[in-house]
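Asks: Could you work out the structure for the sequence below:
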Amino acid sequence: PLLASAHIQITEIMYDLEGSDTDREWIEVQNTGSDTIDLSTWKFFEADTNHGLTLVSGSATLAPGAFAVIADTGSAFSTDWPSFSGTLFDSSFSLNNTGEALAMKDQSGVVVDSVTYSSEQGAAGDGNSLQKNGGSWIAAAGTPGATSM
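Replies: Predicted coordinates for the structure are as follows:
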């Protein structure tokens, strides 16, 4: 029953921070469906590499409309974003600064959402992230765990 309305969307990508981005990259996902989704068994794919999710804070179960952040290193994310109090997952990855394909797969291995980003879209080393805004992506100041606009 949860698969019928499992709608997780990648909504923000922080791929190239100012200065060194080692351990500091992250993505945000949102439950855009009508049912609660347990992300504890989901996988984040970056460049066709499977990355598991380890809960750092918050709840692995996302209510409709709720956000979660998947960070390369949870402790580095918490240092960069000390006021963040939402759901945070730790996952080991390194986002390509020129762009690549990202995907979220459910517990059955089905791709629920995917996006390919590129540095030509913006947010390349300037402190901004790429954020889903309607049907397009914009570069803007990072808003982990919140709607960008």
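
Asks: pLDDT below threshold where in this structure?
Replies: For the chain, the stretches flagged by pLDDT under 70 are 1-6, 148-149.

Asks: for it, what spans make up the helices?
Replies: Taking DSSP state H, the helices of the chain run over residues 74-80.

Asks: count of neighbours near the closest residue to residue 107 other than its chain neighbours?
Replies: Excluding the flanking residues, the one nearest residue 107 by CB to CB, 6 or more residues apart in numbering is residue 41, at 4.0 Å. Backbone N, C-alpha and C define where each C-beta goes, glycine included. Counted with other CB atoms under 10 Å, residues neighbouring residue 41 total 12.

Asks: The one 4 residues further on too?
Replies: For residue 45, the count of nearby residues is 17 (other CB under 10 Å).

Asks: so who does it touch?
Replies: Listed by CB atoms under 8 Å, 6 or more residues apart in numbering, the contact partners of residue 45 are 51, 101-105, 111, 114.

Asks: Any figure for the gap between it and residue 94?
Replies: Using CB to CB, to the nearest Å, residue 45 is found at 13 Å from residue 94.

Asks: Is residue 57 in contact with residue 87, as I believe?
Replies: Yes - if you go by CB atoms under 8 Å, residue 57 and residue 87 touch, sitting 6.9 Å apart.

Asks: Comparing those two, which residue is more hemmed in?
Replies: Ranked by neighbour count (other CB under 10 Å), residue 57 and residue 87 place residue 87 first, with 21 against 15.

Asks: Identify the bridge partners of the more buried one.
Replies: Counting by DSSP bridges, residue 87 is bridged to residue 68.

Asks: Next: residue 139.
Replies: Here residue 139 sits in beta bridges with residue 130, going by DSSP bridges.

Asks: Let's have the contacts of residue 45 in TSV, adding distance to residue 137.
Replies: As requested, the contacts of residue 45 are exported to TSV (distance: CB to CB, whole Å):
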residue	distance to residue 137
51	21
101	14
102	12
103	16
104	16
105	21
111	18
114	13
